[in-house]
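J.: Sequence and computational prediction follow.
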Amino acid sequence: MERVPVLKIGDILLVSIQVDMQDQTALALQEDLADRIVTTGCHGVIIDITGLDIVDSFVGRMLSSIASISRVLDAETVVVGMRPAVAITLVELGLSLDGIRTALNVELGMELLARARAAESDDFDLDLDLDGFGSSATP
Amino acid sequence: MGLTAEESSRLAALLDTNAEKLTASWTDTVTASLRGRLTRAELLRQVNDLHGAIVEALRSADFDLTAGGSGSLRAALVDLSRSRARQGFSASETAVTVFALKRALFDVVDVRSADPQVLGDLIAAGLMIDDLGLFTFENYAKTREELIADQAEQLLELATPVVKLWEGVVAIPLVGTLDSARAQVVMERLLETLVDTSSPYAIIDITGVPAVDTQVAQHILKTVVAARLMGAECIISGIRPQIAQTIVALGIEFGDIATKATLADALRHALRMIEASRKGRSN
């Protein structure tokens, strides 16, 4: 059975899908990814689908469930590199990738994750400040 | 082709012996009907080519326009009809080049004093010329259809340029009516440009679209959704007052898609978004 490699780049796990996804491959990928997120403590997952000519409901569901699993493990998922023809087919079929963020390429995907991460830590700082001032500043 | 071997060889001989007189009279008829749009010398050359090809075809064992022996005649006729079609001559102006041979034949042969065999040959020749004419006419129509198809394709290409406005922002100014075929081209072009330039923002400017009905809106919405699936955001600009009214009257919902009055506003919006994301990253 073919396995999809999971690469770690800094705080991000990169999955580049180059093979046709079968049930077994998809399940193995989900397990591998969940394991790696836990062991590496990464907060971002980028799934590159440049190599996919066809995205059907099966692949769509797989992407959705990977995103859900990652979210439970506190990692943000970005799907990158969707081809125009694939996007058009998805729209014509009325399929939507709910709950999945997308970017044009890996570079923009990494930027998106970095931004999301920065925004999160901003909120965190803000909370701390508010806590600090909260009791004295507000009546 | 109802031409027997004897008939075709007699015809070939008739055409050959009177070659000069025939082509002269033939060329005169054609020149008159084209009213000087092609020079007599040029027409004479074409007529000579045709004459040669016809004689050659008639000499081959059994004359048939679809058979191998008349390959060069077919080629000559196709050439003729193609060049006429491309030069913008009308159908009858093209057909007359072939049919003028009939008149030229009647001029050469004295019909009243001719013996029955010659008359029979003339009728056979007439039928043959009719077939040649039909063949020419068919090719003329085919060439015209090709021309029209080419032009439609060129128009489609011309009408949908995708321009890069800024680093990370592309725009597609739509001009003219959007039908399904064009919408498909627009959609593909835009999405491909997004990938090629890795621009996360696209502006669809509909200033030049005369009317927006539910179908056009549907096409635009599909494009926006497809771009979103790929990770790019679309802004719709150039909505004229009447169109805004139509959109509302038709109950079309653009949802959370950003709409701006002018292309400038849309560009400003896109730049602001880019700036915001840059700030978010540097923090």
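T.: Structure's in. What do you need?
J.: CA only for contacts and neighbour counts going forward, please
T.: Will do.
J.: how much space is there between residue B:39 and chain A?
T.: The spacing between residue B:39 and chain A, counted by C-alpha to the nearest C-alpha, to the nearest Å, is 53 Å.
J.: which residues touch that residue?
T.: Residues near residue B:39 by C-alpha atoms under 8 Å, 6 or more residues apart in numbering or on different chains: residue B:31.
J.: same question, the one 3 residues further on
T.: With C-alpha under 8 Å, 6+ apart as the criterion, no residue contacts residue B:42.
J.: Do a quick rundown of the helices in the stretch 1-150 of chain B.
T.: B:5-17, B:19-34, B:40-59, B:71-86, B:91-108, B:116-158 (DSSP state H, counting those that start in this stretch).
J.: out of those, which comes closest to residue A:63?
T.: Comparison of these against residue A:63 by C-alpha to C-alpha identifies helix B:116-158 as nearest, at 35.6 Å.
J.: Quick one: the helices of the stretch 1-150 of chain B as JSON lines, columns for distance to residue B:255 too.
T.: Putting the helices of the stretch 1-150 of chain B into JSON lines (distance: least, C-alpha to C-alpha, whole Å) gives the following:
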{"stretch": "helix B:5-17", "distance to residue B:255": "76"}
{"stretch": "helix B:19-34", "distance to residue B:255": "62"}
{"stretch": "helix B:40-59", "distance to residue B:255": "65"}
{"stretch": "helix B:71-86", "distance to residue B:255": "50"}
{"stretch": "helix B:91-108", "distance to residue B:255": "54"}
{"stretch": "helix B:116-158", "distance to residue B:255": "29"}
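J.: could these be laid out in a markdown table, adding mean pLDDT?
T.: Output for the helices of the stretch 1-150 of chain B, formatted as a markdown table (pLDDT from 0 to 100):
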| stretch | mean pLDDT |
| --- | --- |
| helix B:5-17 | 81 |
| helix B:19-34 | 84 |
| helix B:40-59 | 85 |
| helix B:71-86 | 86 |
| helix B:91-108 | 84 |
| helix B:116-158 | 85 |
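J.: residues from chain B in reach of chain A?
T.: Residues of chain B lying close to chain A (C-alpha under 8 Å from any C-alpha of the partner chain) are B:188, B:191-192, B:194-195, B:198-200, B:222-223, B:225-232, B:277, B:280-281, B:283.
J.: Flag the shaky bits of chain A, pLDDT-wise.
T.: By pLDDT under 70, the low-scoring segments of chain A are A:122-139.
J.: Just give me the residue closest to the centre of it.
T.: When C-alpha atoms, centre = their mean is applied to chain A, the residue found nearest the centroid is residue A:77 (1.1 Å).
J.: Which residues does it form beta bridges with?
T.: Assessed by DSSP bridges, residue A:77 has beta-bridge partners residue A:45.
J.: burial count for whichever residue of the stretch 51-200 of chain B sits closest to chain A?
T.: Nearest residue of the stretch 51-200 of chain B to chain A (C-alpha to the nearest C-alpha) works out as residue B:191 at 5.3 Å. Residue B:191 has 26 neighbours, counted by other C-alpha atoms under 10 Å in any protein chain shown.
J.: Now it: closest residue in space, sequence neighbours ignored.
T.: Excluding its sequence neighbours, the residue lying closest to residue B:191 (C-alpha to C-alpha, 6 or more residues apart in numbering or on different chains) is residue A:84, at 5.3 Å.
J.: My understanding was that the one you found contacts residue B:188; is that so?
T.: Yes - look at residue A:84 against residue B:188 with C-alpha atoms under 8 Å: they come within range, at 6.5 Å.
J.: just to revisit the earlier point, can you flag the buried ones in the residues of chain B next to chain A?
T.: B:188, B:191-192, B:194-195, B:198-200, B:222-223, B:225-232, B:280-281 (16 or more other C-alpha atoms under 10 Å in any protein chain shown).
J.: Which ones among these lie within helices?
T.: Among these, DSSP state H puts B:188, B:191-192, B:194-195, B:222-223, B:225-230, B:280-281 in helices.
J.: Could you pick out the residues of chain A near chain B for me?
T.: A:80-85, A:87-88, A:90-92, A:96-97, A:101-105, A:111, A:114-115, A:118-119, A:122.
J.: now with 6 Å?
T.: A:82, A:84, A:87, A:88, A:91, A:102, A:103, A:104, A:115 (C-alpha under 6 Å from any C-alpha of the partner chain).
J.: Let me know the closest of the ones in helices among the buried ones among the residues of chain B next to chain A to residue B:111.
T.: residue B:188 (66.5 Å).
J.: How much space separates that closest one from residue B:202?
T.: According to C-alpha to C-alpha, to the nearest Å, residue B:188 stands 13 Å off from residue B:202.
J.: Skipping adjacent residues, who's closest to whatever residue of the stretch 101-250 of chain B ends up closest to chain A in space?
T.: Across the stretch 101-250 of chain B, no residue is closer to chain A than residue B:231, which sits at 3.7 Å (C-alpha to the nearest C-alpha). Spatial nearest neighbour of residue B:231, excluding adjacent residues (C-alpha to C-alpha, 6+ apart): residue A:103 at 3.7 Å.
J.: How about the one you found: which residues does it bridge to?
T.: Residue A:103 forms beta bridges with residue A:80, as assigned by DSSP bridges.
J.: and the gap between it and residue A:21?
T.: Distance from residue A:103 to residue A:21, by C-alpha to C-alpha: 21 Å.
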